[in-house]
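Q: quick one, structure for this:
(chains A, B, C and D)
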Amino acid sequence: MTREELLADIKKRFSDDIMEFFDRSPRRVYIEIKPSSIVKIATYIFKDLQARFNIASGVDSRTHMEILYHFTLEPLNLLISLRVKLDRKNPRIESIAPVFRAANWIEREMSELLGIDFIGHPNLKRLLLADEWPQGVYPLRADYEEWDKNAIRDRGV
Amino acid sequence: MNLKLRALLRSPWVFHLSTGSCNNCDIEILDCLTPRFDVERFGILLAPSIKHADVLLITGIANRKSTIRLKRLYEMAPKPCLVVAIGECSLSRGIFMPSYNAPVPVDKVVPVDAYIPGCPPKPEAIISGLVQLIQKIKGTL
Amino acid sequence: MKLPKVRELTEALKALITGPYTSKFPKKPHIAHPNFRGQPVFNPDKCVGCLACEYVCPAEAIGHEDIKDPKNPRRVMIHYTDTCIFCGCCEAACIADNEGIKLSNEWDLAFFDRSQAQETIEKELLLCEICGEPVACKDHLKWIAERLGELSYSSPTLYLSRLKELGIIDDNIIAASRDYSRSDRVKILCARHRRETTLSTK
Amino acid sequence: MAKSVVPIGPFHPLQEEPEFFTLTVDGETVVDIDVNIGYNHRGIEKLSERKSFDQSTFVIERICGICSTSHPFAYTRAVEDIIQVKPPERAEYIRTIIAEGERIHSHLLWLGLAGHFLGYNTVYMWVWKLREEILDVMEILSGNRNSYAMFKPGGVRRDIKSEDIPGVIKKIDSIVPTLNRLKKAVLDDPVLHARLKGIGILTYEDAIDYSALGPTARASGVAKDVRKDDPYGAYDKVDWDMIVTKTGDVFEKVVVRVLETYESIKIMKHCLLNLPEGDIDLNIKDIPPGEGIGTAEAPRGETFHYVRSDGTNRPARHKVRAPTFMNLPTCKATVVGETVSDATIILASIDPCYCCTERTAVRDTRGKRLYAAKELIRLSQQKTAQIKRKMGLK
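A: Numbering: from 1, shown residues only, chains lettered A, B, ... in the order given. Below you'll find the model as predicted:
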C-alpha cells in the first residue's frame, strides 16, 4: 500500500496511543507514543508491515530520557521512528527482545550505557563495559564525570 | 642477557596484539606479511602463540577490558622480549584520548621499546621502525 | 607428478623475466606518492602564530606555550607527532594561505622516546604594556594590518606595532607623550585594557 | 557425553581484532555458542559529543579500518538530513568513488582471510597482493592507504585531480584479469564446493527475524541494499545490479562478495570517467537544532547514524550502529549444529568487523579437553586436505 495509506492506517489503529505525529520529510516519520504501548505498536510494524528493525537509540536529554525505535520499510524507502519519553530518575520500559531477537543486544547496551531498565529482557547482563566498571555509573548520561582517579587525560609522557 | 638478545634478533618472531583498535594498523601489520612487503625475508614471522614471541606488536588504545589481558600476555611472553607500539592509538591514544574506556596510554601498562606513529603507518614505516629498533639494540650490544 | 599446464609455465616464465613482486624496500628507499598526507611541518616564516590550527585539530595534536618574560616574549607552537592523525585539517584552516603548516611527504617517523616526539617553532609575541598578558604574535598583527589597510589606524595596537615594524616610530617619540593625560591610549594593549582606556577618561 | 568448551580468541594471531567465541561442543557438533564482545569499545558516541560537527567526522572514520568510508558517509548524510540540503554533484561522485574503492579492498581482504581459514594460503597471498593495487589507487585519490579523511558534512574535503584519473583507471583495469582467474579458481573449485556448500545456512526467515544486513542477508535471498532502496551519492546514475542468491550457506556468501567486487569496479570506473565539474563543498556554517538519520551501504551491510543537534556546533547525541552489530547474533543460528572444524569459516563468513561492533570479551573456560585457537584453524585445514584426498586430487 502507498505511504499515505500506511500512515493513515497507523494513525487510525493506534489513535489513542499516539501523542504526536511528525511527518518530517518523504523518507522520515517520527511518531511519539505512550511508553506502555511500545510492544503492541512495534510488533504491528515489524510483523504486519514487514518492516526491518533498524536500531533503537537512547538519548539523555536533560529533562527526560528518550528512546527512538527505528524501523525501515525498504519498498517505500521510509523510516519510521517511534519516540518514547521516560522519566529521567528511574527509566523503565517493557522490553521488545522476546518479540524479535534483533533487539536483544541493543537493549543490553542501552541498559548498560544509559541505565534504562528493560522489563522482561531474556538476559540483561553487561555487553560492552569492563567488569571493573562501577555499578550505577552510566557513561552516556549527560551528567557523567570521570570516576577513575588515576586516569591520565593528557599525553601522559 | 645480550647473548639472548643477539640470538633473538637473528629472526624476531612477532606476536600481534590488538587492544581496542580500529584494525587499520592490524591490517597494515598483516600487509607486511603478504607478497609485496614480505617481512619473512628478514625472518619476521607471526608467532602462533605468545610463548614463541620475541617482539610484541601492540595496536589499539588499551581499553579497560584489554589491559587485563595485555598485562597477562606481557607476563607470559618469554623475556627478553621487545615491545613495539604501532599507530597513534597505541602511542598516546591519538584521537581517542578523552575516551572514558581508555584510562592510560599503552606505555603506562607495559614498557614500550619503539614507537611507530602513523594513522595507519605505512607497511614500509613498520618495517623501517623494526629495522631501526634492531640496529639500536645491536648498537648497544 | 601432474604435468604443469601451459598457464603455469607461462606464469613461471613471466615471473623469471619480471623478477619478484616483493618491493626491495630497505635497500631501495620508498618515495611516497606526492598526494600522500605525511608529517605536518611548521613553516616558521609563513606561520603567523594565530592558533587556528590548534582550534581545528580533531586530535588536539597541536599546542602552544606563551613565554611572557618582558625581555624576550615568545609563543612556542608545538606539534605532537604521537597524537597527530595526519588528517590535513590544520593545513586547510591555516590563515597564512595554507602555508603556515603543511603536510609533508615524510612517513618514516619511528622514534624511541615519547617525550621528544614533538616539533616546535617560536614566534615573537607582543605583550600588553599594562598587564603583561600576551596580545598576539607580531606577525599576526602585521597580517591583520595588511588586510585592513588604513582601517588599522582605528586600533592603537595595530598601527603602533605596524609603524614600529616599519621603523617610523621609535621609543623616544612615544616616551615624549608618556606622562601627558590619557597617555595609555598610545600603547600596545590587550583587549581588556584597550577597552578600559577607551571608555575611561583617566 | 560430557560437553567441552572451545575458546577461540581473544588474541588469535591471525584475526585482526580481538573477539571471543565460546563454543560448547558435544563430541564433534557445536551445541551452543556465546559471543562475548567489548574489547574494542572506545566510547565513540561520547567522544563525538565532545568534538564539533566537522571534527567528529574523523572520530567516526576511525570506528573501523576497513569500512572507514561508510561511517562518515552515513554521518554526513545524517547532518545533511538535519539541514535538508544536498551536497553538490561533484562531491556526490567523489564520495561514491571512495566508497566503492573501499568496498573492493574490503571484499578482497575478506576473500584472502577466508582462503587462509580454509587452508588455501596461496589464495590469501594472491588476493592480498591484488589488494595492494587498489590501496595504491586509494593513496593516489585520497592521500592515505585507508582512513581517507575525504568526507565533510556538506561535501568533500579534497578534489580529485583530473591528471590522476588516467593512471587510476589503468591500475583498476590491471586488477580485472587477475580477479577473473581468482574467481574461476575459487568458484569452480570442487573441493570448495564440497567444503562450503550446505554449511552455516542462514534461512530467509532467520535473516528477517535477526534483521541481518548486507551480503550476509543478500546470500539468504533478502534483497535489501541501501544503494538501491534509498539511492544516495551517484548510485542512481550508474546502472549496476544487486547480487542476491537463494540458499544462504557459506558458499553463497563467497559468491555474493566476489560478484559485488565486479559491480564496485564497474561503478568506480563509471564515476571516475564522467566526473561532473562544479564545486565540491557547501561550506555549511550553522546547523539548526533538530534530528537527522543517515544510512549508507558498508561492505558488510547498512550503517546507521542518528545525530541530534541542539543548535550549538557540537552534536548533542550521536548514535552509531554498524552492520556487524546485527549480523553477529545470526551466528547463533548458523553455527549451532555444525561440526567444530567448520566453526571458524562460518564465523568468518559474516565478515565480522569487531571494531565496528565495538565489543569483544572473554568467558572463563570449563570442561576437559580444550582446543587452542590455532588447533581450530588446523582442524579446518585438515578437513580441506581430507576432502582433497577423497577426491584423489592430492
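Q: quick check: buried residues in the longest strand seen in chain C?
A: Across chain C, the longest stretch assigned as strand under DSSP state E is strand C:118-127. Residues C:118, C:121-123, C:125-127 are the ones in strand C:118-127 that count as buried (16 or more other C-beta atoms under 10 Å in any protein chain shown). For glycine as for every other residue, the C-beta is placed from the backbone atoms N, C-alpha and C.
Q: make TSV from those residues and add distance to residue D:151 and pLDDT to it.
A: Formatted as TSV, the buried residues of strand C:118-127 follow (distance: C-beta to C-beta, whole Å; pLDDT from 0 to 100):
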residue	distance to residue D:151	pLDDT
C:118	29	88
C:121	31	92
C:122	35	92
C:123	33	92
C:125	37	90
C:126	39	89
C:127	42	89
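Q: dump those residues to JSON lines, plus distance to chain D.
A: Shown next, in JSON lines, are these (distance: C-beta to the nearest C-beta, whole Å):
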{"residue": "C:118", "distance to chain D": "20"}
{"residue": "C:121", "distance to chain D": "24"}
{"residue": "C:122", "distance to chain D": "27"}
{"residue": "C:123", "distance to chain D": "25"}
{"residue": "C:125", "distance to chain D": "27"}
{"residue": "C:126", "distance to chain D": "29"}
{"residue": "C:127", "distance to chain D": "31"}
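Q: just the closest of the residues you listed to residue D:202, please.
A: residue C:118 (51.1 Å; C-beta to C-beta).
Q: what bridges to the closest one?
A: residue C:80 (DSSP bridges).
Q: gap between it and residue D:186?
A: 49 Å (C-beta to C-beta, to the nearest Å).
Q: next secondary structure after the lowest-mean-pLDDT helix or strand in chain B?
A: Lowest by mean pLDDT, DSSP states H and E among the helices and strands of chain B is helix B:2-8, with a mean of 75. The helix or strand immediately downstream of helix B:2-8 is strand B:13-18, counting by DSSP states H and E.
Q: the residue nearest to residue D:270 when sequence neighbours are not counted and residue B:128, how far apart?
A: Nearest residue to residue D:270, sequence neighbours excluded (C-beta to C-beta, 6 or more residues apart in numbering or on different chains): residue D:238, at 4.7 Å. From residue D:238 across to residue B:128, the span is 41 Å (C-beta to C-beta).
Q: now stretch D:27-44: average pLDDT?
A: The average of the pLDDT scores along stretch D:27-44 is 76.
Q: same question for stretch D:253-269.
A: 92.
Q: cool, and stretch D:62-72?
A: 87.
Q: do that stretch and chain B meet?
A: Yes - Stretch D:62-72 lies within reach of chain B by C-beta under 8 Å from any C-beta of the partner chain, at D:62-66, D:68.
Q: who does residue 23 bridge with?
A: If you meant another chain, say so; for now it's chain A. Residues in beta-bridge contact with residue A:23 (DSSP bridges): residue A:29.
Q: switch to chain D, please.
A: Beta-bridge pairing for residue D:23 (DSSP bridges): residue D:6, residue D:33.
Q: what is the burial count for it?
A: As a burial measure, residue D:23 scores 23 neighbours (other C-beta atoms under 10 Å in any protein chain shown).
Q: for residue B:21, same thing?
A: With other C-beta under 10 Å as criterion, residue B:21 counts 32.
Q: over to it. Which of the three states is it?
A: Here residue B:21 is coil, with the state taken from DSSP: H, G, I helix; E, B strand; the rest coil.
Q: one more: the one 5 residues further on?
A: For residue B:26, the secondary structure call by three-state DSSP comes out as helix.
Q: would you mind confirming that it makes contact with residue B:19?
A: No - in this structure residue B:26 lies outside contact range of residue B:19 using C-beta atoms under 8 Å: 10.6 Å.
Q: overlap in contacts, those two.
A: residue B:59 (C-beta atoms under 8 Å, 6 or more residues apart in numbering or on different chains).
Q: what are the ranges of the helices in chain B?
A: B:2-8, B:24-33, B:64-76, B:88-92, B:123-140 (DSSP state H).
Q: thinking again about what came up before, residues in contact with the longest strand of chain C?
A: Outside strand C:118-127, the residues that reach it (C-beta under 8 Å, 6+ apart) are C:41-42, C:44, C:47-49, C:66-68, C:70, C:73-81, C:133-139, C:141, C:157, C:161, C:188.
Q: buried ones from those, can you make that a ChimeraX selection?
A: Buried members of these, identified by 16+ other C-beta under 10 Å, are gathered into one ChimeraX selection as follows:
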select /C:42,47,48,49,73,74,75,77,79,80,81,134,135,136,137,138,139,141,157,161,188
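Q: looking at the contacts of strand C:118-127, which are in strands?
A: C:41-42, C:66-67, C:74-80, C:134-137.
Q: check those residues and tell me the two furthest apart.
A: C:41 and C:135 (27.0 Å).
Q: up against chain D, what does chain A have?
A: Counting by C-beta under 8 Å from any C-beta, the residues of chain A near chain D are A:25, A:27-28, A:30, A:50, A:52-55, A:57-61, A:68, A:70, A:72, A:74-75, A:77, A:79, A:81, A:100-102, A:104-106, A:113, A:126-130, A:139-140, A:144.
Q: quick revisit: return the residues in contact with the residue nearest to residue D:270.
A: For residue D:238, the contact set (C-beta under 8 Å, 6+ apart) comprises D:96, D:266-267, D:270-271.
Q: grab the nearest non-local neighbour of residue C:76.
A: Residue C:76 sits nearest to residue C:65 (C-beta to C-beta, 6+ apart), 4.5 Å away.
Q: I meant to write residue D:229 there.
A: Residue D:229 sits nearest to residue A:74 (C-beta to C-beta, 6+ apart), 4.4 Å away.
Q: contact partners for that neighbour?
A: Contacts of residue A:74 (C-beta under 8 Å, 6+ apart): A:52, D:224, D:229.
Q: looking at these, spot the one nearest chain B.
A: Nearest to chain B among the contacts of residue A:74: residue D:224, at 25.7 Å, using C-beta to the nearest C-beta.
Q: of the buried residues of strand C:118-127, closest to chain B?
A: Closest approach between the buried residues of strand C:118-127 and chain B, by C-beta to the nearest C-beta: residue C:118, at 10.9 Å.
Q: quick one, phi psi at residue C:111?
A: phi -150, psi 170 (degrees, to the nearest 10).
Q: okay, it: pLDDT?
A: 91.
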